[in-house]
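Enquirer: Output the structure for:
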Amino acid sequence: MRTILILLDSLNRRFLRCYHSAEPALTPNIDRLAGCSTIFDGHYCGSSPCMPARRDLMTGRLNFLERPWGGIEAFDHTLPSILKQHGVFSCMITDHYHYAETGGENYFHNFSSWHLERGQEHDLYFHRPGPHGLMKPDPHHAPSRFDIPIPYAQSRQHYQTAEDYPTPRTFRHAAAWLEENHAADNFLLWVEAFSPHEPFDVPQEYLDLYHDTYYGPPLFWPKYATTEQYTPEEIQHLRLRYKALLTMTDAYLGHLLDVLDRYGMWEDTQVIFTTDHGYMLGEHGFFAKNYMPDYNETYQIPLLIHQPGQQAPFHVSGLTQNIDLFPTILEYFQIPLSVCRNPIHGRSLNPMLRREAESVRDAVIFGQFGKTVSMTDGRYTYFRQAVRQDNQPLFVYTSMPTSRLQYFGYEGIAPEDCGRITLAQMSWHPFPVYRIPADCIDFQSKSQDFRLRNPYVTGNLLFDNLADPAQEHPIQSAALEQSYAALLRQLMAAHDAPAEQYIRLGL
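Expert: Below you'll find the predicted structure:
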């Protein structure tokens with residue numbers, strides 16, 4: 001039994017032909033995979049953004065109600081560690097450099113083997129003294145929407161052709177690994193590409209495929225901000241650059257699929273293709289993720305699963321979630337869920353894959369720590385905002401006091417606030433954790449900050465998915481909102497929400 005899990009970053013499914021895109025990117029290899037896969041139409045991210053989504057995948061549990069971006073916790077029982085305990089070899093090949101930063105601890109080390117390609121986004125691998133010294137910011141330069149962060153400016157000096165870029169290197173390395181191990185059995189190959197996450201930097205040959213007519217200064221790194229900062233021409237250019245990056249990513253995904261073709265591995269290998277979360281490219285007036293309401297562009301994500309021997313596509317409409325891949329993969333390897341040390345929120349998708357059930361869930365819950373908490377039952381989607389401007393009460397629960405690029409130590413918490421940190425136990429495991437008041441943490445990454453209520457979400461929002469699939473016209477119905485607030489509360493309880501989250505949200 002063999003499984004290949006392919007994870008892209010920030011993939012907006014509205015650019016995929018298999019999801020009936022109105023403006024599809026050129027993705028012949030994703031189309032090729034979709035042509036022999038089950039296509040999940042109601043699939044959602046749980047915890048967002050990057051590392052919370054990965055912890056969901058690796059533990060089968062939602063974590064965004066307990067803590068923000070961070071590492072694998074001391075009490076987590078992860079998918080690769082369980083596979084290892086049952087004789088299944090696992091290998092991760094990726095260019096997702098956040099695994100190697102503070103706040104990305106312990107993800108690699110549960111795998112039997114791992115390999116990291118360097119040079120993505122803010123990765124410091126190429127950030128080194130050059131012939132004229134280290135690049136330094138110009139103190140007289142005013143921030144601009146055309147700026148390129150210095151670490152990436154140094155990295156991209158090394159990229160002369162498409163094959164030099166980190167994501168193409170990742171897929172080439174994965175294809176070589178599979179070529180070498182095509183006759184092996186009982187393995188999980190976890191192939192993870194950082195693209196099409198920003199920066200949308202590609203060789204001109206890929207941008208030419210989209211007949212771009214933009215002639216302004218180089219622009220491929222959108223800010224986490226509203227579209228008011230950009231002209232219509234710049235917005236269109238960024239959308240085309242995103243599609244061009246997705247096309248380059250798809251081209252090198254093809255190297256991996258070619259190995260499956262060459263050795264007839266489609267007959268005895270499960271292949272899973274998905275993303276961590278989506279991405280806003282001007283929809284609703286926003287770019288990127290993290291700070292806006294939980295629109296479908298960021299939380300309704302693609303999922304394709306090829307079962308061994310499957311030769312035709314099949315769409316399923318039932319609600320599913322990223323945490324469901326954990327029990328699905330364990331069941332595929334004939335490992336019972338009873339071996340898991342912790343209770344699992346995920347539900348196996350195998351009844352849907354076997355066409356024995358149309359759905360395994362009645363509703364899903366999703367969001368980001370300290371922000372809106374949202375849910376959908378397929379018919380309606382409900383976003384719930386904090387009731388107080390200071391976003392209190394809110395606590396971080398963790399045995400690993402780190403987050404993106406920082407420790408929850410003196411760099412993020414004033415010495416006089418350290419006495420407010422206590423030890424606690426969660427309702428679902430006995431391991432002691434730090435209970436850190438969220439309002440005393442100075443979060444260095446502003447897109448993740450949770451010390452105040454989200455200013456871009458002015459209140460609770462309720463949408464009719466059938467009448468308003470673009471989520472442009474919120475419903476004003478006190479009775480309907482009351483019903484969905486009650487359902488949200490039930491979902492929070494089923495996912496072990498700490499008590500203060502109900503108070504924060506007015507539930």
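Enquirer: Tell me how far the top helix by length along the chain lies from the chain's centre.
Expert: Ranked by residue count and defined by DSSP state H, the top helix of the chain is helix 232-262. Relative to the centre of its chain, helix 232-262 is centred 18 Å away, using C-alpha atoms, centre = their mean, to the nearest Å.
Enquirer: Stretch 60-71 too?
Expert: Its chain's C-alpha centre lies 12 Å from the corresponding centre of stretch 60-71 when counted by C-alpha atoms, centre = their mean.
Enquirer: which residue ranges form the strands in the stretch 101-250 of the chain?
Expert: 113-116, 187-192 (DSSP state E, counting those that start in this stretch).
Enquirer: How confident is the prediction for E411, by pLDDT?
Expert: According to the prediction, E411 has pLDDT 79.
Enquirer: just the one 3 residues further on next, same as before
Expert: Per-residue confidence (pLDDT) for A414: 92.
Enquirer: what's the answer for F126, then?
Expert: At F126 the predicted local distance difference test score is 86.
Enquirer: quick revisit: counting neighbours, which bits of the longest helix of the chain end up buried?
Expert: Neighbour counts over helix 232-262 (16 or more other C-beta atoms under 10 Å) mark 234-257, 259-260 as buried. Every residue, glycine included, has its C-beta placed from N, CA and C.
Enquirer: next one: the following helix or strand past that helix to chain centre, how far?
Expert: Going down the chain from helix 232-262, the next helix or strand is strand 269-275, by DSSP states H and E. Computed by C-alpha atoms, centre = their mean, the chain-centroid distance of strand 269-275 equals 15 Å.
Enquirer: Strand 269-275 - contacts with which helices or strands?
Expert: If you count contacts as 3 or more C-beta pairs under 8 Å, 6 or more residues apart in numbering; DSSP states H and E, strand 269-275 packs onto strand 2-8, helix 28-34, strand 303-306, helix 325-332.
Enquirer: Out of these, which gets nearest to A175?
Expert: Across those, the minimum distance to A175, taken as C-beta to C-beta, is reached by strand 2-8, at 10.8 Å.
Enquirer: tell me the angle of the closest one relative to strand 187-192?
Expert: Using axes from the mean of the first three to the mean of the last three C-alpha atoms, to 10 degrees, one finds that strand 2-8 and strand 187-192 are set 10 degrees apart in direction.
Enquirer: Can you tell me what sits against strand 2-8?
Expert: Strand 2-8 is contacted by residues 57, 178, 184-193, 195-196, 249, 253, 256, 260, 265, 268-276, 325, 329, 332-333 when judged by C-beta atoms under 8 Å, 6 or more residues apart in numbering.
Enquirer: Show me just the buried residues among the residues you listed.
Expert: By the neighbour-count criterion of 16+ other C-beta under 10 Å, the contacts of strand 2-8 include these buried positions: 57, 178, 187-193, 195-196, 249, 253, 256, 260, 265, 269-276, 325, 329, 332-333.
Enquirer: low-confidence ranges in the stretch 101-250 of the chain?
Expert: In the predicted model, the stretch 101-250 of the chain carries pLDDT under 70 at residues 130-137, 140.
Enquirer: hang on, the earlier thing: can you redo the strands of the stretch 101-250 of the chain as TSV, where the extra columns are distance to E205?
Expert: Compiled in TSV, these are given as follows (distance: least, C-beta to C-beta, whole Å):
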stretch	distance to E205
strand 113-116	27
strand 187-192	24
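Enquirer: quick one on the thing from earlier: closest one to V364 among the helices and strands packed on strand 269-275?
Expert: When the helices and strands packed on strand 269-275 are compared for distance to V364 using C-beta to C-beta, the nearest one is strand 303-306, at 12.5 Å.
Enquirer: for the closest one, packing partners?
Expert: Helices and strands touching strand 303-306, as assessed by 3+ C-beta pairs under 8 Å, 6+ apart, comprise helix 28-34, strand 38-44, strand 269-275.
Enquirer: Of these, which is nearest A53?
Expert: Of all the helices and strands packed on strand 303-306, strand 269-275 sits nearest to A53, with 8.5 Å by C-beta to C-beta.
Enquirer: next helix or strand past the closest one?
Expert: strand 280-281.
Enquirer: In terms of secondary structure, what does that next one contact?
Expert: Helices and strands touching strand 280-281, by 3+ C-beta pairs under 8 Å, 6+ apart, are helix 232-262, strand 287-288, helix 296-299.
Enquirer: how near is the residue nearest to I323 when sequence neighbours are not counted to I329?
Expert: Closest residue to I323 in three dimensions, ignoring its sequence neighbours and counting by C-beta to C-beta, 6 or more residues apart in numbering: G346, at 3.7 Å. According to C-beta to C-beta, to the nearest Å, G346 stands 10 Å off from I329.
Enquirer: Now tell me what touches stretch 208-224 from outside.
Expert: Here stretch 208-224 makes contact (C-beta under 8 Å, 6+ apart) with 26, 145-149, 152, 198-201, 229-230, 233-234, 236-238, 240-241, 243-244, 247, 281, 287-291, 447.
Enquirer: In that stretch, which residues have enough neighbours to count as buried?
Expert: Under the neighbour-count criterion of 16+ other C-beta under 10 Å, stretch 208-224 has Y210, D212, Y214, L219, F220, W221, P222 buried.
Enquirer: show me what contacts the nearest residue to I335 once chain neighbours are set aside?
Expert: In space, not counting the residues next to it along the chain, I335 is nearest to H86; the distance is 5.1 Å by C-beta to C-beta, 6+ apart. Each residue near H86 by C-beta under 8 Å, 6+ apart is listed here: F333, I335, V339.
Enquirer: thought the last one was touching Q85?
Expert: Yes - look at V339 against Q85 with C-beta atoms under 8 Å: they come within range, at 7.5 Å.
Enquirer: Mind listing the shared neighbours of those two?
Expert: A shared contact of V339 and Q85, defined by C-beta under 8 Å, 6+ apart, is any residue touching both; here there are none.
Enquirer: my read: C440 touches P415, true?
Expert: No - checked against C-beta under 8 Å, the pair C440 and P415 is beyond contact range at 10.7 Å.
Enquirer: out of these two, which sits in the busier spot?
Expert: Neighbours per residue (other C-beta atoms under 10 Å) separate C440 from P415, with C440 holding more: 18 against 8.
Enquirer: how is this protein carved up into domains?
Expert: Recorded structural domains for the chain (assignment: automatic domain parsing) are 2-59+71-130+151-324+340-353, 364-504.
Enquirer: Can you say which of the ones you listed is nearest to L65?
Expert: Taking C-beta to C-beta, domain 364-504 is the member of the domains of the chain nearest to L65, at 4.5 Å.
Enquirer: so T227 sits right up against G285, yeah?
Expert: Yes - counting by C-beta under 8 Å, a contact exists between T227 and G285, whose distance comes to 5.0 Å.
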